[in-house]
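Peer 1: sequence first, predicted model second:
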Amino acid sequence: MKYINQSNFAQLSKFVLAATSVAIFSPIASVYAALGFPTTVAQISDNSTGQQLLADKKVETRSRTTIERQTSTTQSRNSSVSAKGKKTGFSLAIWQPSGNFSEVIARISVKSKGDNGYLKERFLGDYKYKIKQKAKFAKGLKAGDRIVVRLYDIQNRFIGYSEFECLSANTTVNLILSAKPTEYQVVRTVYGVDADQNGTIDRGTTTYDYFTQIRKQGVIFLSSSQTFQGSQFQVEGLSTIAATSVYPLSFTQGESALVRQSFVSAFSPDLAEVLQATPGRLVQVIEVSDNSSYDISQMLMNYRQVGISRSLQVGFSDISPNYWAKDFIAKLASMEILEGFPDGTFRPDASVTRAQFAAMLRKAFAKGKIRQAAAFKDVSTRYWAYDAISEVYQMGFLNAVIGKDFNPNQSLSRLDILVALARGLNYQTSGSTETILSVYSDATTIRSEYRSLIAALTQRGIVVNYPNVKMLDVERVATRSEVSALLYQALSSTGQVANISSQYVVGQQQVAVEEQTETSRQSVKPRRHCNQGIGNGAEGCDPGNSHPHGGSNDEGGRTPGKK
């Protein structure tokens with residue numbers, strides 16, 4: 001395979017007495033997911049980045065109530081939506097206070113957090129670090145996402161593993177190697193918030209501090225540092241090693257906990273191809289330079305073919321290599337926001353129901369609720385999309401249709417999709433609405449109450465028109481391919497995914513030229529929201545008889561939804 005261009009176990013019995021095993025990965029059943037049913041993977045409870053000290057000085061104290069350390073105030077960084085102005089990314093430095101390593105390879109991947117679990121692990125690249133070097137990783141992340149780092153020496157020997165939880169803003173992470181990493185395969189992880197980005201964890205905030213140890217092809221998260229010599233892991237400027245480990249709350253509680261879980265193989269068959277290969281074999285190792293910065297959303301795009309789980313389908317038999325919406329569809333499939341049918345097709349020209357769209361929106365976006373839940377007469381609590389409909393209604397994306405009905409099986413028009421996105425993301429226009437809408441040859445067909453909403457989407461590059469980029473065609477029933485393109489562009493407008501170049505996107509440059517004012521050129525900057533790229537959005541099911549995470553294949557005889 002060509003490069004993708006981009007600029008075992010030492011005898012540690014004392015450790016084992018103070019540690020518990022944890023699984024890095026487990027096989028994921030894909031058959032049920034392909035059919036649109038919930039997978040057999042344990043559902044992971046909602047978690048946060050709360051502060052907690054795991055007290056376990058002796059094995060017999062494992063049941064001791066955990067307490068918090070270095071916490072001055074209750075933090076709000078567990079919100080799934082980043083605060084305005086904050087950067088949900090991380091910096092990563094690698095240290096070796098004693099020893100003779102000069103370089104190490106950090107293989108970085110992400111397990112994105114969802115409303116009830118995590119996405120399958122996705123590869124972000126292999127990075128060759130010099131010891132003491134630091135690099136920044138930005139965009140494409142949200143609070144609660146888990147970053148996985150596998151460490152290799154320059155002979156490609158697996159020498160360490162760490163996992164940490166992305167905080168809501170400016171996470172700074174330090175991985176510290178032992179004096180002899182090839183024999184003493186232990187890594188200390190120290191991280192926290194660095195709001196002023198001066199390279200140190202802010203005072204008055206939590207410092208997470210724990211050790212991980214490779215055990216054959218798995219890892220254990222250690223509860224204490226008292227049973228081994230910790231001085232070799234002390235770095236000047238970092239906090240003194242704690243007697244007991246300090247973990248994020250989600251590492252110690254719930255089904256997603258990493259502490260005290262059973263041991264399994266680190267390299268299951270379900271892993272992405274590149275995560276099972278040695279560094280440099282499938283993708284080029286990136287040389288980290290001082291003050292390097294990497295765009296995670298772009299890395300996810302670049303490594304899509306080899307960097308996602310083998311159980312995920314991103315190519316479909318009815319989507320040709322030159323199909324206009326191929327990249328939009330493949331990217332959303334890799335993010336597990338939608339999927340195809342059991343026969344391997346995507347059915348790009350099929351319509352999308354309100355229930356299906358609700359399922360997609362729930363998987364794509366995480367934002368605060370702006371209104372109370374509604375009891376829709378035609379959506380029972382046993383309906384497969386009940387939770388999705390309830391949540392996206394509370395977030396402001398979709399409204400009732402008539403009275404207290406939701407009409408879950410009603411097909412949506414292009415206008416319905418556009419209005420839902422604009423309302424849910426709370427996008428407003430600036431400048432002249434009429435000037436912005438003049439890029440469309442059928443602008444007069446847009447009803448007055450929706451004109452400013454369509455203009456706001458146009459300014460942010462969300463509108464996609466196929467086959468005629470100047471024809472909005474608002475009343476036409478939206479197809480699955482069109483919804484995929486519009487939904488992806490909405491995610492792109494939040495800065496959480498990389499841009500996809502397409503001649504059918506009504507570009508921001510076009511709008512700026514048409515309006516020809518500085519105000520308009522500034523107004524195209526997107527407001528920040530966090531996407532929650534999880535779930536199936538599955539359409540291969542019978543909505544009346546099953547409980548999938550996605551939509552329905554009931555496609556016939558509907559008219560576009562009316563607001």
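Peer 2: Perfect, thanks for sending it.
Peer 1: against residue 102, how distant is residue 422?
Peer 2: Going from residue 422 to residue 102 by Cβ to Cβ, to the nearest Å gives 53 Å. C-beta coordinates here come from the backbone N, C-alpha and C atoms, glycine included.
Peer 1: tell me which of these two has more neighbours.
Peer 2: Between residue 422 and residue 102, counting by other Cβ atoms under 10 Å, residue 422 is the more crowded of the two (23 against 10).
Peer 1: quick check: phi and psi on the more buried one?
Peer 2: phi -60, psi -40 (degrees, to the nearest 10).
Peer 1: correct me if wrong: it contacts residue 453.
Peer 2: Yes: with contact defined as Cβ atoms under 8 Å, residue 422 reaches residue 453; the gap is 3.9 Å.
Peer 1: okay, now the unreliable bits of the protein?
Peer 2: Filtered on pLDDT under 70, the chain yields the residue ranges 1-87, 115, 226-227, 261-267, 508-563.
Peer 1: quick check: closest non-adjacent residue to residue 161.
Peer 2: Spatially, and ignoring its direct neighbours in sequence, residue 161 is nearest to residue 219 (4.5 Å; Cβ to Cβ, 6 or more residues apart in numbering).
Peer 1: and for residue 379?
Peer 2: In this structure, residue 379 finds its nearest non-sequential neighbour in residue 406, 5.1 Å apart by Cβ to Cβ, 6+ apart.
Peer 1: now do residue 385
Peer 2: Computed as Cβ to Cβ, 6+ apart, the closest residue to residue 385 that is not its neighbour in sequence is residue 355, at 4.1 Å.
Peer 1: ok but that neighbour is inside a helix, no?
Peer 2: Yes: assessed with DSSP: H, G, I helix; E, B strand; the rest coil, residue 355 lies in a helix.
Peer 1: what about it, distance to residue 406?
Peer 2: 8 Å.
Peer 1: find the residues that touch each one of those two.
Peer 2: By Cβ atoms under 8 Å, 6 or more residues apart in numbering, residue 355 and residue 406 have these common neighbours: residue 389.
Peer 1: the stretch 301-450 of the chain: strands as residue ranges?
Peer 2: Secondary structure of the stretch 301-450 of the chain (DSSP state E, counting those that start in this stretch): strands at 365-366.
Peer 1: and residue 166, how many neighbours?
Peer 2: Look at residue 166: counted by other Cβ under 10 Å, it has 24 neighbours.
Peer 1: contact partners for the closest residue to it other than its chain neighbours?
Peer 2: Nearest residue to residue 166, sequence neighbours excluded (Cβ to Cβ, 6+ apart): residue 145, at 4.4 Å. Taking Cβ under 8 Å, 6+ apart, we find residue 145 in contact with 110, 111, 112, 113, 165, 166.
Peer 1: from the centroid of this protein, which residue is nearest?
Peer 2: residue 112 (3.5 Å; Cα atoms, centre = their mean).
Peer 1: could you measure it against residue 471, distance?
Peer 2: 35 Å.
Peer 1: equivalent analysis for residue 88, please.
Peer 2: The gap separating residue 88 from residue 471 is 37 Å, by Cβ to Cβ.
Peer 1: can you pull the phi and psi angles for residue 224?
Peer 2: phi -150, psi 150.
Peer 1: wait, residue 90 sits on residue 169?
Peer 2: No: using Cβ under 8 Å, residue 90 is not in contact with residue 169, being 9.9 Å away.
Peer 1: so those two - more neighbours on which side?
Peer 2: Using other Cβ under 10 Å, the more surrounded residue of residue 90 and residue 169 is residue 90, with 25 against 19.
Peer 1: for the closest residue to that one other than its chain neighbours, give me its contacts.
Peer 2: In space, and not counting its chain neighbours, residue 90 is closest to residue 171: 3.9 Å by Cβ to Cβ, 6+ apart. Each residue near residue 171 by Cβ under 8 Å, 6+ apart is listed here: 89, 90, 91, 164, 191, 192, 193, 194.
Peer 1: as CSV, those residues with secondary structure would be great.
Peer 2: Below are those laid out as CSV (three-state DSSP):
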residue, secondary structure
89, coil
90, strand
91, strand
164, strand
191, strand
192, strand
193, strand
194, coil
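Peer 1: ramachandran angles for residue 483?
Peer 2: phi -60, psi -40.
Peer 1: residue 464 versus that one, what's the distance?
Peer 2: As judged by Cβ to Cβ, residue 483 and residue 464 stand 10 Å apart.
Peer 1: can you give me the helices in this structure?
Peer 2: Listed in chain order, the helices of the chain (DSSP state H) span 13-17, 31-35, 249-252, 273-276, 296-302, 326-334, 354-364, 386-395, 414-425, 433-437, 451-459, 480-493, 508-515, 518-523.
Peer 1: just say which of those helices is most tucked in.
Peer 2: Most buried of these by mean neighbour count (mean count of other Cβ atoms under 10 Å) is helix 354-364; its value is a mean of 28.
Peer 1: okay, that helix in PDB with CA atoms only?
Peer 2: What follows is helix 354-364 as a C-alpha-only set of coordinates in PDB (Å, rounded to 0.1, in the frame of the first residue of the first chain):
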ATOM      1  CA  ARG A 354     -38.500  12.800  10.100                       C
ATOM      2  CA  ALA A 355     -37.700  10.000  12.500                       C
ATOM      3  CA  GLN A 356     -34.600   9.000  10.400                       C
ATOM      4  CA  PHE A 357     -33.400  12.600  10.300                       C
ATOM      5  CA  ALA A 358     -33.900  12.900  14.100                       C
ATOM      6  CA  ALA A 359     -31.700   9.800  14.600                       C
ATOM      7  CA  MET A 360     -29.000  11.300  12.400                       C
ATOM      8  CA  LEU A 361     -29.100  14.700  14.200                       C
ATOM      9  CA  ARG A 362     -28.900  13.100  17.600                       C
ATOM     10  CA  LYS A 363     -25.700  11.200  16.500                       C
ATOM     11  CA  ALA A 364     -24.200  14.200  14.800                       C
END
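Peer 1: against which helices or strands is it packed?
Peer 2: Contact partners of helix 354-364 among helices and strands, from 3 or more Cβ pairs under 8 Å, 6 or more residues apart in numbering; DSSP states H and E: helix 386-395, helix 414-425, helix 480-493.
Peer 1: how about a cut-off of 6 Å?
Peer 2: Packing contacts for helix 354-364, counted by 3 or more Cβ pairs under 6 Å, 6 or more residues apart in numbering; DSSP states H and E, involve helix 386-395.
Peer 1: now do the same end-to-end measure for stretch 260-276.
Peer 2: Terminal residues of stretch 260-276 are spaced 25 Å apart (Cα to Cα, to the nearest Å).
Peer 1: I'd like the distance between the residue of the chain positioned farthest from its centre and residue 496.
Peer 2: The outermost residue of the chain relative to its centre, with distances by Cα atoms, centre = their mean, is residue 444 at 38.7 Å. Applying Cβ to Cβ, the value for residue 444 to residue 496 is 34 Å.
Peer 1: how close does residue 360 get to residue 180?
Peer 2: Taking Cβ to Cβ, one finds residue 360 at 50 Å from residue 180.
Peer 1: ok, now residue 189?
Peer 2: Taking Cβ to Cβ, one finds residue 189 at 19 Å from residue 180.
Peer 1: quick one, which of the two is more surrounded?
Peer 2: residue 189 (23 against 17).
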